[in-house]
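Chemist: sequence below, structure please.
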Amino acid sequence: MEDYDVFNEMQNIKDKITIIIIEDDEKFIIQNLLDSPIEIIPIRFNYDLSCFSNSYIDKTKKLFTYYYNENNSYENELLRLKKHFIHYQRNPIIAYIPNDNKYINLKNMLNEIGIKCISDKEQLISMLNIKLIFIDSDDTLKKTDGTISERVKKAIQENKKIGNRIIICTSRPRYQTLEVMKETGSDSIIVSSNGAEIYDSNDNTIIFNSFIDNDSVIELVKYAYLKDIRLILTMENYDYVTKEIRNTNQKLLNKHNYVEELTGCNVKQCMFIDKKSEEIYKIKNVLSKNNKLHIVDEINENSSYEEKWFSVVNSNCSKGNALIITSKYLKIPIENTIAIGNDKNDISMFEVAGLSVAVANASDDIKSKVNHITLSNDEDGVASFLETFI
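Modeler: This next block holds a predicted model:
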């Protein structure tokens, strides 16, 4: 057995994306893997390191190494693999095993515990370079008139072909985000309501969701009626509104019976949106002092829109948090993530993404917070950026 500190090994590796690799080419490992965000677990067949250069041994000595013994019984080795790769939370996403008959038993064991094995180094590098790209919808993906260009759609499809995951991440509710996903052909996973829900439309799976506590919802509705401000409450696949229904997925809340009507309801997001800008700013300032809630600041004082708005979600919700959760869920290193947006509610994902991109129509303040600026939404800025990966 290896000589190592189990507790410290678990702490050092549990939050990292890991791969298994047979050390058949030390030059390849040094050039392509050692400085990547991926944690490497080399498999060695004995303790004799004479087949490796001193330089390689020195560079890899910090890595956790699994010593595989062909002479042990199949059952014993399988138990050891399960112990190291499952019980110790390593869960490698893939294993590089050369296409050689002498590795067939090892390959079978890895496949048995759900670890995919590949034997092509180019394929390995391609898989490790997969990008997770979060794209805001309004005024980023979409043009100012609300349309999505064919060029943007094509760029998304071409990125999907090379393995990149393109995910729509927006303040809009699930039903509207699904429309954008279907029109663009982006990933089946969508992020809606400013990160309050991460949903996979392929199998109707909710990867993450979070709700505002019912008492807070009631207080928000009470205030909206008191000031005659339009409030949108996002539910599962529809919205409650305090006034003015604007689409078929919205229901008018009963002004005289809303407490009972909302009892037992799971509200993901509340959006105050109205032409009464003074009242909007006032309630935003009041709510910013509530530590149970997170104010998603979407108010742009220089916006040409007549209405002003901001959203309220649970304190654990943001686009940035959704990006982190999705990155771990898909086992894509955070260093391989990209966020593209245009407004204040995109800042949280700019702060955590490996690369942040703003469209040229964003404000100067937003542009100062990103690594890269692409063309405007009306000039197909998203497509222009995505085409660089093709």
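Chemist: so what's G341 up against?
Modeler: Contacts for G341 (CB atoms under 8 Å, 6 or more residues apart in numbering) come out as I135, D136, T140, K319, M349, F350, V357, A358, V359, A362, I366. C-beta here means a position set from N, CA and C on the backbone, and glycine is covered the same way.
Chemist: tell me the phi and psi of it?
Modeler: Dihedral pair for G341: phi -160, psi -170, per degrees, to the nearest 10.
Chemist: what pLDDT does it get?
Modeler: With respect to pLDDT, G341 scores 98.
Chemist: helix, strand or coil for I273?
Modeler: strand (DSSP: H, G, I helix; E, B strand; the rest coil).
Chemist: check the gap between it and T144 for me.
Modeler: 18 Å (CB to CB, to the nearest Å).
Chemist: and for E112?
Modeler: As defined by CB to CB, E112 lies at a distance of 54 Å from T144.
Chemist: now swap in N129 and tell me
Modeler: Distance from N129 to T144, by CB to CB: 34 Å.
Chemist: higher neighbour count, I273 and T144?
Modeler: Ranked by neighbour count (other CB atoms under 10 Å), I273 and T144 place I273 first, with 18 against 12.
Chemist: just give the closest residue to the more buried one, not the sequence neighbours.
Modeler: Nearest residue to I273 in three dimensions, chain neighbours excluded: W309, at 3.7 Å (CB to CB, 6 or more residues apart in numbering).
Chemist: wasn't the one you found part of a strand?
Modeler: Yes: judged by three-state DSSP, W309 forms part of a strand.
Chemist: count of residues packed around it?
Modeler: Counted with other CB under 10 Å, the neighbours of W309 add up to 20.
Chemist: so it sits against E279, correct?
Modeler: No: the criterion here is CB atoms under 8 Å, and W309 misses it with E279 at 11.7 Å.
Chemist: what packs against the helix or strand hosting I283?
Modeler: Using DSSP states H and E, the element containing I283 is helix 277-287. Secondary-structure packing of helix 277-287 (3 or more CB pairs under 8 Å, 6 or more residues apart in numbering; DSSP states H and E): helix 214-227, strand 269-274, strand 293-296, strand 308-314.
Chemist: list the helices and strands the helix or strand that comes right after the longest one packs on?
Modeler: Next in sequence after helix 214-227, counting helices and strands by DSSP H and E, comes strand 231-234. With contacts taken as 3+ CB pairs under 8 Å, 6+ apart, strand 231-234 sits against helix 214-227, strand 239-241, strand 269-274.
Chemist: want to throw those into TSV with mean pLDDT and distance to K16?
Modeler: Shown next, in TSV, are the helices and strands packed on strand 231-234 (pLDDT from 0 to 100; distance: least, CB to CB, whole Å):
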stretch	mean pLDDT	distance to K16
helix 214-227	96	37
strand 239-241	98	40
strand 269-274	97	32
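Chemist: redo the ones you listed as TSV? Include distance to I38.
Modeler: Listed next are those as TSV, based on distance: least, CB to CB, whole Å:
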stretch	distance to I38
helix 214-227	42
strand 239-241	42
strand 269-274	35
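Chemist: for S119, which of those is the nearest?
Modeler: Set against S119 and scored by CB to CB, the helices and strands packed on strand 231-234 come closest in strand 269-274, at 46.7 Å.
Chemist: contacts for that closest one, please.
Modeler: Contact partners of strand 269-274, identified using CB under 8 Å, 6+ apart, comprise 171, 173, 193-194, 196, 212, 217, 220, 224, 229-234, 280, 283-284, 307-313, 317.
Chemist: neighbouring strands - and their directions - for it?
Modeler: Strand 269-274 has its sheet partners listed here by DSSP bridges as strand 231-234 (antiparallel), strand 308-314 (antiparallel).
Chemist: tell me what angle the last one forms with helix 277-287.
Modeler: This points to strand 308-314. Put simply, strand 308-314 runs at 20 degrees to helix 277-287, going by axes from the mean of the first three to the mean of the last three CA atoms, to 10 degrees.
Chemist: so which residues make contact with strand 308-314?
Modeler: Contact with strand 308-314 is made by 171, 193-196, 210-213, 216, 220, 268-275, 277, 280-281, 284, 287, 292-299, 345, as judged by CB under 8 Å, 6+ apart.
Chemist: and if you look at the first one?
Modeler: Contacts of strand 231-234 with the rest of the structure, by CB under 8 Å, 6+ apart, involve 173-174, 192-193, 196, 217, 220-221, 224, 239-242, 250, 253, 262, 265, 267-273.
Chemist: next: stretch 110-121.
Modeler: If you take CB under 8 Å, 6+ apart as the criterion, stretch 110-121 is touched by 20, 25, 28, 32, 78, 81-82, 85-86, 92-99, 107, 124, 127.
Chemist: check stretch 361-370 too.
Modeler: Residues from elsewhere that reach stretch 361-370 (CB under 8 Å, 6+ apart): 139, 144, 300, 302, 341-344, 346-347, 350-351, 356-358, 373, 376-378, 381.
Chemist: same thing with stretch 194-213?
Modeler: Here stretch 194-213 makes contact (CB under 8 Å, 6+ apart) with 169-171, 174, 178, 181, 188-192, 220, 234, 266-270, 292-293, 296, 311-314, 316-322, 325-326, 329, 345, 348.
Chemist: out of everything not next to it in sequence, what's closest to F389?
Modeler: Counting by CB to CB, 6+ apart, the nearest residue to F389 once its immediate chain neighbours are dropped is N159, at 5.7 Å.
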